[in-house]
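**Q** Below is the sequence, then the predicted model.
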2 protein chains.
Amino acid sequence: MGRVNQFDVSWGAPRPERADAARNRQHLIATAREMIAELGQERLTMDALAERSGLGKGTVFRRFGTRAGIFQALLDDGERAFQEQVLSGPPPLGPGAPPLDRLISYGQARVRFLVEHQEIARAALDGRQPIPSGSQSPLSQAHIRMLLGQIDLGPADLDLLAIQLTAALDGPLLLYVSATDLNRAPDQVERRLLPGWHDLVRRICRP
Amino acid sequence: MGRVNQFDVSWGAPRPERADAARNRQHLIATAREMIAELGQERLTMDALAERSGLGKGTVFRRFGTRAGIFQALLDDGERAFQEQVLSGPPPLGPGAPPLDRLISYGQARVRFLVEHQEIARAALDGRQPIPSGSQSPLSQAHIRMLLGQIDLGPADLDLLAIQLTAALDGPLLLYVSATDLNRAPDQVERRLLPGWHDLVRRICRP
């Protein structure tokens, strides 16, 4: 991963990590989560994390680069857990359910994940624009592509359809997460986006 | 428009412009087009445009800011012509055709427009990432929303569906325009994206 992760690139193959580096990372992430829970995320800064973790500013800086990098790491960590659920969790998100149910469940779980992590996602962006969906959701797209292949869709360009669907899933979410005027409550967002994804997939996949 | 345009923001309401400023802009854009046609776009720089236009570096700098700004202005100018076609050109892109035909025609015209202007679009981005579709295609989204309202879709969240469709249209195009490894010929891209949009719309809108 040559480029700075911006949103959801944790899906890529993980870099091999030395054991002490992995321990430091886990300790820093756990400490950051504690600090958010106890103090609120505004108080989570590079200096405060270095002090609380006892690991020193150099280590925190090398690991995260910027304050936004801490939140990106928290988001990546959450995405890894989400990915686990998709690959080997219970159906219908995990394996074992019919592909159409899994496709609907996948999009809805992704909506819930990002709405739940919206504060962290926003802090990870830190004023930057997110990059367009499609290019940055390789696993999302691969997963949708795999499920489309298992549904009887008739003649279709499945690779392109997977790009279109990934964009249609991420587009409204990116709008929401990058919105600066956040007057929409999370439950209102879910109330529209969950049935919206269900309806889109149902329309596209009906025989 | 408070923020730097990145891709397709020319759709917004135009700023009022003084007559001499408008003349300068038109002269600069016409000169830039001549230079691209005669010399290739690599040779179109701020200095070269100032010299050839006879308007001085200060004027060129104030107008465009950066070299990428020249290409953004060229793209905006092309988009204005495209918008004219959508709003008052011949059917099926312009008014007068059934809404489903107009919707299909709109997406295909947008694919053709961006594939045709890909070099300019890429130079306008100049290494930056484009911003996600949806937020940045207000007219695209409004036009798709209007057409969806004229099609009998049964119960549907038409505003959300318009966001999803705009993202599904722009997603593959943004991938293409922002790709650094351009081993796909324009006609190959059109050969996939034109039927891909047709198929998506047909699936979503069938009764």
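**A** Here it is on my side, so go on. Numbering: from 1, shown residues only, chains lettered A, B, ... in the order given.
**Q** May I ask you to confirm that A:Ile104 is in contact with A:Asp199?
**A** No - the criterion here is C-beta atoms under 8 Å, and A:Ile104 misses it with A:Asp199 at 9.8 Å. Where C-beta positions appear, they are placed from N, C-alpha and C, glycine not excepted.
**Q** The lowest-mean-pLDDT helix or strand in chain A and chain B, any residue contact?
**A** Using mean pLDDT, DSSP states H and E, helix A:118-125 stands out as the lowest-scoring helix or strand of chain A, at a mean of 84. No - between helix A:118-125 and chain B, judged by C-beta under 8 Å from any C-beta of the partner chain, nothing touches; the nearest distance is 11.3 Å.
**Q** Could you tell me which residues within that helix count as buried?
**A** A:Gln118, A:Ile120, A:Ala121, A:Arg122, A:Ala123, A:Ala124, A:Leu125 (16 or more other C-beta atoms under 10 Å in any protein chain shown).
**Q** Over to stretch A:47-65?
**A** For stretch A:47-65, by 16+ other C-beta under 10 Å, it's A:Ala48, A:Leu49, A:Ala50, A:Arg52, A:Ser53, A:Leu55, A:Thr59, A:Val60, A:Arg63, A:Phe64.
**Q** Now do the helices in chain A.
**A** With helices called from DSSP state H, chain A shows them at A:19-39, A:46-53, A:57-64, A:67-88, A:99-116, A:118-125, A:138-150, A:158-178, A:186-205.
**Q** Pop out the phi and psi values for A:Ala156.
**A** Dihedral pair for A:Ala156: phi -160, psi 150, per degrees, to the nearest 10.
**Q** Contacts only, for it.
**A** Applying C-beta atoms under 8 Å, 6 or more residues apart in numbering or on different chains to A:Ala156 gives the contacts A:Leu148, B:Asp199.
**Q** now with 10 Å?
**A** Residues in contact with A:Ala156 (C-beta atoms under 10 Å, 6 or more residues apart in numbering or on different chains) are A:Leu148, A:Gly149, A:Ile204, A:Cys205, B:Pro195, B:Gly196, B:Asp199, B:Leu200, B:Arg203.
**Q** Quick one: those as CSV, columns for distance to A:Glu42 and neighbour count too.
**A** Output for the contacts of A:Ala156, formatted as CSV (distance: C-beta to C-beta, whole Å; neighbours: other C-beta atoms under 10 Å in any protein chain shown):
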residue, distance to A:Glu42, neighbour count
A:Leu148, 42, 21
A:Gly149, 45, 13
A:Ile204, 42, 21
A:Cys205, 43, 20
B:Pro195, 50, 15
B:Gly196, 44, 23
B:Asp199, 47, 20
B:Leu200, 42, 24
B:Arg203, 45, 17
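**Q** For A:Leu28, state which of the residues you listed is nearest.
**A** A:Leu148 (38.4 Å; C-beta to C-beta).
**Q** burial of the closest residue to that closest one other than its chain neighbours, as a residue count?
**A** Closest residue to A:Leu148 apart from its sequence neighbours, by C-beta to C-beta, 6 or more residues apart in numbering or on different chains: A:Leu158 at 5.0 Å. Applying other C-beta atoms under 10 Å in any protein chain shown, we find 16 residues neighbouring A:Leu158.
**Q** again with A:His143
**A** By other C-beta under 10 Å, the residues close to A:His143 number 21.
**Q** who's in contact with it?
**A** Taking C-beta under 10 Å, 6+ apart as the test, what A:His143 contacts is A:Trp11, A:Gln83, A:Val86, A:Leu87, A:Arg102, A:Leu103, A:Tyr106, A:Arg110, A:Ser137, A:Ala162, A:Thr166.
**Q** separation between it and chain B?
**A** 16 Å (C-beta to the nearest C-beta, to the nearest Å).
**Q** Check A:Asp126 too.
**A** Counting by C-beta to the nearest C-beta, the gap from A:Asp126 to chain B is 15 Å.
**Q** so what's the nearest residue to A:Leu153 once chain neighbours are set aside up against?
**A** Spatially, and ignoring its direct neighbours in sequence, A:Leu153 is nearest to A:Cys205 (6.4 Å; C-beta to C-beta, 6+ apart). For A:Cys205, the contact set (C-beta under 10 Å, 6+ apart) comprises A:99-100, A:103-104, A:147-148, A:151-153, A:156, A:161, A:165, B:203.
**Q** what's the average pLDDT for stretch A:17-26?
**A** In this model, stretch A:17-26 has an average pLDDT of 85.
**Q** What are the buried residues along that stretch?
**A** Residues of stretch A:17-26 classed as buried: A:Asn24, A:Arg25 (neighbour count, 16+ other C-beta under 10 Å).
**Q** One more: stretch A:104-113?
**A** Neighbour-count burial for stretch A:104-113, with 16+ other C-beta under 10 Å as criterion, is recorded at A:Ile104, A:Ser105, A:Tyr106, A:Gly107, A:Gln108, A:Ala109, A:Arg110, A:Val111, A:Phe113.
**Q** Reformat the residues you listed as TSV; add pLDDT.
**A** Listed next are these as TSV, based on pLDDT from 0 to 100:
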residue	pLDDT
A:Ile104	98
A:Ser105	98
A:Tyr106	97
A:Gly107	96
A:Gln108	96
A:Ala109	96
A:Arg110	94
A:Val111	93
A:Phe113	92
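**Q** Out of those residues, which comes closest to A:Asp187?
**A** For these, the closest approach to A:Asp187 (C-beta to C-beta) belongs to A:Val111, at 11.8 Å.
**Q** Neighbours of the nearest residue to A:Glu190 once chain neighbours are set aside, how many?
**A** In this structure, A:Glu190 finds its nearest non-sequential neighbour in A:Val115, 5.7 Å apart by C-beta to C-beta, 6+ apart. Neighbour count of A:Val115, defined by other C-beta under 10 Å: 19.
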